[in-house]
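[1] what would the 3D arrangement of this be:
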Amino acid sequence: MRWALVKVCLAVTAMVVVAFAVPLGLVIKEMARDRAFSDAERQAATIGPTLSITTDRDELETAVLTTEPGSVGRMAVHIPAAAGPGSRPVEIGTRRATRKDLETVRKSGRASITEVPGGSALLQPTALGSGDIAVVEVFVPEGEESNGVATAWLMLAGVGAALIVGSVAVADRLGVRMVEPAQRLAGAAHDLGEGRLGTRVPEEGPTELRSAAVAFNSMADQVVQLLANERELAADLSHRLRTPLTVLRLNAASLGEGPAAEQTRAAVEQLEHEVDTIIRTAREQRPQTQGMNSGPGAGCDASEVIRERMAFWSALAEDEGRKVSLAGVDRAVRIPVARPELVAVLDALLGNVFRHTPEGTAFAVDVHHSGDAVIMLVSDAGGGIADPKAALARGGSGRGGARGSVGSTGLGLDIVRRVAESTGGDVRIGRSVLGGTEIRIWIWLDGRRPEQGRRGHRVGRQRRRIRFAGRS
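    Below is the predicted model of the structure:
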């Protein structure tokens, strides 16, 4: 589209330049010719007073030599023979016109221009004192007829070329102004179709394209909002189901032995398995949302969300006699993770603590802000994880990786890992200061990890600082 516009503008401008430049060039050429013959006519008129007084050759020759064309041999005077015996015609200067042309001018009494070798000749009739007609011939070379024409034509060509180049440049800028917003809109639509919901289009360009960009951005915002509502609904349903199931599982474990107790525990496990299957299916069928965290309104206050979820889980912890520690949430910590995502992460980790550690086991949640990253630590005083590497693999916890659980789907740590990696961070499992497991979640605030060298040095300092940080 851009080059088509340039080609159209080039063709139109070229036609306009040709339509004006060619006639103007011809007019300039004609004006130069008229100027040359007007000057010749003026020079021929200067010899008229002398011819009206005398026809003496010597005096006429002197008069001719005093003129500009006569001094360079371009003027001639032709006087016919007087009536009477013995008279002869007088010719002064070099004749270039034919005698026929001279005789025609003498009889008609009108000036004439005739072509001669090397140029043109102006034949100007002049009345003599005797009543006869003499003809003054002024030779005009071809160079005089076109004097200045070449320079004028070059200037016209330069102006025409400048107009064409300028029009092409203007057309190119107009094309860019029209095409680039359209290309950005098409690219954004493609990105949105691939699931990068944070894609937005700058609202610039022509009015129509600005309106299209506004409509596209509004549509993308509505899509993000709809997906956020869907995620929040899914998270809410997950919380409503998983938390009562955790309580039922813990209560079922305290029923002792017997057929009824075994049936209850089996029913709880079966129900828990079905809930995990539903959640996993919903998660796998959810459309990709890469780039969502970069959209308008994305992100949340980690401290606020952690305080809210800890208040929820603290009630159950109090019932089981668990000591709870919370640190680092006294100030706002903005992270590029949607609120439902962070809620799902916390519930998955804290749910694992309740499911895989005995009653009375203490746990803690710490938040550290290092400037370019936020580190969240969920620690417990349980027995730890035998194979941390297997626990971080998708579904690995179902093989005894995560806290030695049997029958777990491994969905919890997979959710945590996906959220961390979406910001360029990661998840690591280690030994906590409480004696059990420590899940360390790194969330980079700018959505990308630092260079390896800088990262290693910075992460080492952060880990040392975190390791010796006190807990409230």
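[2] please make it C-alpha for all contacts and neighbour counts, starting now.
    Will do.
[3] so which elements touch whichever strand or helix holds residue 22?
    Here residue 22 sits within helix 2-45, counting by DSSP states H and E. Secondary-structure packing of helix 2-45 (3 or more C-alpha pairs under 8 Å, 6 or more residues apart in numbering; DSSP states H and E): strand 119-127, strand 133-141, helix 142-145, helix 149-193.
[4] pLDDT of the third one, averaged?
    This points to helix 142-145. For helix 142-145, the mean pLDDT works out to 79.
[5] could you dump it to PDB, C-alpha only?
    In PDB, the C-alpha atoms belonging to helix 142-145 read as follows (Å, rounded to 0.1, in the frame of the first residue of the first chain):
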ATOM      1  CA  GLU A 142      21.500  30.900 -34.200                       C
ATOM      2  CA  GLY A 143      23.200  31.400 -30.800                       C
ATOM      3  CA  GLU A 144      21.600  34.700 -30.300                       C
ATOM      4  CA  GLU A 145      18.200  33.300 -31.000                       C
END
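[6] list the contacts of it.
    Residues from elsewhere that reach helix 142-145 (C-alpha atoms under 8 Å, 6 or more residues apart in numbering): 32, 33, 34, 35, 36, 37, 118, 119, 120.
[7] turn those into JSON lines, including neighbour count.
    Putting the contacts of helix 142-145 into JSON lines (neighbours: other C-alpha atoms under 10 Å) gives the following:
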{"residue": "32", "neighbour count": "18"}
{"residue": "33", "neighbour count": "20"}
{"residue": "34", "neighbour count": "14"}
{"residue": "35", "neighbour count": "16"}
{"residue": "36", "neighbour count": "19"}
{"residue": "37", "neighbour count": "20"}
{"residue": "118", "neighbour count": "12"}
{"residue": "119", "neighbour count": "15"}
{"residue": "120", "neighbour count": "20"}
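[8] please identify which of the residues you listed is nearest to residue 229.
    Among the contacts of helix 142-145, residue 32 lies closest to residue 229 (C-alpha to C-alpha), at 83.1 Å.
[9] return the distance of the closest one relative to residue 417.
    Counting by C-alpha to C-alpha, to the nearest Å, the gap from residue 32 to residue 417 is 87 Å.
[10] ok, now residue 124?
    Counting by C-alpha to C-alpha, the gap from residue 124 to residue 417 is 107 Å.
[11] those two - which one has more neighbours?
    Legend: neighbour count by other C-alpha atoms under 10 Å for residue 124 and residue 417, higher for residue 124 (25 against 21).
[12] does the more buried one touch residue 43 like I think?
    No. Using C-alpha atoms under 8 Å as the test, residue 124 is too far from residue 43 to be in contact (10.2 Å).
[13] my guess is residue 203 is in a helix, correct?
    No. Read with DSSP: H, G, I helix; E, B strand; the rest coil, residue 203 is coil and lies in no helix.
[14] return the residues in contact with residue 109.
    Listed by C-alpha under 8 Å, 6+ apart, the contact set of residue 109 reads 125, 133.
[15] tell me the spacing between it and residue 123.
    For residue 109, the distance to residue 123 - C-alpha to C-alpha - is 10 Å.
[16] likewise residue 421?
    Taken as C-alpha to C-alpha, the span from residue 421 to residue 123 is 100 Å.
[17] of these two, who's got more company?
    residue 123 (29 against 18).
[18] do you know the pLDDT at the residue lying closest to the more buried one once chain neighbours are set aside?
    Spatial nearest neighbour of residue 123, chain neighbours left out: residue 137 (4.7 Å); criterion: C-alpha to C-alpha, 6 or more residues apart in numbering. What the model reports as pLDDT for residue 137 is 89.
[19] what about residue 137, how many residues close to it?
    For residue 137, the neighbour count with other C-alpha under 10 Å is 29.
[20] next helix or strand past the helix or strand harbouring residue 311?
    Per DSSP H and E, residue 311 falls inside helix 302-320. Following helix 302-320 in sequence order, the next helix or strand is strand 324-327 (DSSP H and E).
[21] give me phi/psi at residue 55?
    Per-residue torsions, residue 55: phi -120, psi 20 (degrees, to the nearest 10).
[22] dump the residue contacts of it.
    79, 128.
[23] distance of it relative to residue 143?
    For residue 55, the distance to residue 143 - C-alpha to C-alpha - is 33 Å.
[24] tell me where the stretch 301-450 of the chain has helices.
    In the stretch 301-450 of the chain, the segments counted as helices under DSSP state H, counting those that start in this stretch are 302-320, 339-356, 388-392, 411-422.
[25] return the set of buried residues in the longest one.
    By 16 or more other C-alpha atoms under 10 Å, the buried positions in helix 302-320 come out as 302, 303, 304, 305, 306, 309, 310, 313, 317.
[26] with stretch 329-344 instead?
    Buried residues in stretch 329-344 (16+ other C-alpha under 10 Å): 329, 333, 335, 336, 337, 338, 339, 340, 341, 342, 343, 344.
[27] can you pull the pLDDT of the second one?
    What it means is residue 333. At residue 333, pLDDT is 86.
[28] could you check how far the residue lying closest to residue 36 once chain neighbours are set aside is from residue 28?
    Take residue 36 and drop its neighbours on the chain: the residue closest to it by C-alpha to C-alpha, 6+ apart is residue 145, 5.6 Å away. Relative to residue 28, residue 145 is positioned 11 Å away (C-alpha to C-alpha).
[29] what do you get for residue 75?
    Where residue 28 is concerned, residue 75 sits at a distance of 26 Å (C-alpha to C-alpha).
[30] what comes into contact with the helix holding residue 311?
    Residues contacting helix 302-320 (C-alpha under 8 Å, 6+ apart): 323-324, 328-335, 339, 342-343, 346-347, 350, 359-360, 367.
[31] just confirm residue 91 is within a helix.
    No. Per three-state DSSP, residue 91 lies outside any helix segment and is strand.
[32] how far out from the middle of the chain is stretch 95-103?
    The chain centre lies 76 Å from the centre of stretch 95-103; the measure is C-alpha atoms, centre = their mean, to the nearest Å.
[33] actually stretch 424-436, sorry about that
    For stretch 424-436 - counting by C-alpha atoms, centre = their mean - the centre lies 44 Å from the chain centre.
[34] and residue 270, how many neighbours?
    12.
[35] so where does it fall, helix or strand?
    Using DSSP H and E, the element containing residue 270 is helix 259-285.
[36] isn't residue 73 up against residue 96?
    No. With contacts counted by C-alpha under 8 Å, residue 73 stays clear of residue 96, the gap being 11.0 Å.
[37] mind checking which of these two has more residues around it?
    Remark: of residue 73 and residue 96, residue 96 carries more neighbours, 20 against 16, as counted by other C-alpha under 10 Å.
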